[in-house]
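Colleague: Sharing a model that was predicted from the sequence below.
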Amino acid sequence: MKIKTSRFGEVEIQETSCFEIVNPILGYEQEKSFALIEHKEKSKFKWLQSLNTPELAFVVAMPDDFGIEYSFELPDNAQESLDITDAEDVLALCIVVIPHENPRATTINLLAPLVFNIKNHKGAQIILTGSNLKVDYPLFEKEAVC
């Protein structure tokens, strides 16, 4: 299937990379359909591209790929809304913010992961209430900005 994006033009995607968002991304409640797109071969980053809004895409990544020890317990209501029956079916990604003026100041949102059931193609943003995880955890070692 082909989709239009503002960043990559027209892109061919597999239907297996498409997800219905059952618990929306904060601030984007109207967006329900997304696809995961590889950034580049062997890249640690992916794009979560809206299927309805070509200019809407989030950079996402797995914290473990950057040496961040990251684990959380998925709340029961999230497991139910995503119909999760097996941990093997879960993919958790976090939204990454890359500032144009200083990419070394990139942060990753550990507090509100995007959780996907890769078996039934449902996804949700889960706010991990009661945790001390940060919404803006530094992805790289901090570097002085001149």
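Modeller: Thanks, I have it. Numbers count the residues shown, from 1 in each chain.
Colleague: partner strands of the longest strand along the chain, parallel or antiparallel?
Modeller: As assigned by DSSP state E, the longest strand anywhere in the chain is strand 90-97. Neighbouring strands of strand 90-97 in its sheet, by DSSP bridges, are strand 57-61 (antiparallel), strand 107-108 (antiparallel), strand 114-117 (antiparallel).
Colleague: Just tell me which of the ones you listed ends up closest to Gln14.
Modeller: Evaluated over the strands paired with strand 90-97, closeness to Gln14 peaks at strand 114-117, with 14.4 Å, by Cβ to Cβ. No exception for glycine: its C-beta is placed from N, CA and C like everyone else's.
Colleague: Only the C-alpha atoms, please, for the closest one, written as PDB.
Modeller: Output in PDB follows, covering the C-alpha atoms of strand 114-117 (Å, rounded to 0.1, in the frame of the first residue of the first chain):
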ATOM      1  CA  LEU A 114       3.900   4.000  22.700                       C
ATOM      2  CA  VAL A 115       2.900   0.400  23.100                       C
ATOM      3  CA  PHE A 116       1.900  -1.800  20.200                       C
ATOM      4  CA  ASN A 117       0.400  -5.200  19.900                       C
END
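Colleague: Please tell me how far that strand is from the chain's geometric centre.
Modeller: Remark: strand 114-117 is offset 8 Å from the chain centroid, using Cα atoms, centre = their mean, to the nearest Å.
Colleague: tell me the average confidence for it?
Modeller: What strand 114-117 shows for mean pLDDT is 98.
Colleague: Please renumber the chain so that the first residue is 2 from this point on.
Modeller: That works, and once the first residue is 2, the last one we named lands at strand 115-118.
Colleague: Where do the strands of this protein begin and end?
Modeller: 3-6, 10-13, 19-24, 34-39, 46-51, 58-62, 91-98, 108-109, 115-118, 123-126, 138-139.
Colleague: List the residues that contact Pro114.
Modeller: Phe73, Ala93, Leu94, Cys95, Gln126, Ile127, Leu129 (Cβ atoms under 8 Å, 6 or more residues apart in numbering).
Colleague: circling back: buried residues in the longest strand of the chain, which are they?
Modeller: Across strand 91-98, burial judged by 16 or more other Cβ atoms under 10 Å covers Ala93, Leu94, Cys95, Ile96, Val97.
Colleague: Quick one: residues contacting the first one.
Modeller: Looking back up the chat, that one is Ala93. The contact partners of Ala93, by Cβ under 8 Å, 6+ apart, come to Met63, Phe73, Pro114, Leu115, Val116, Phe117.
Colleague: Perfect, I'm done here.
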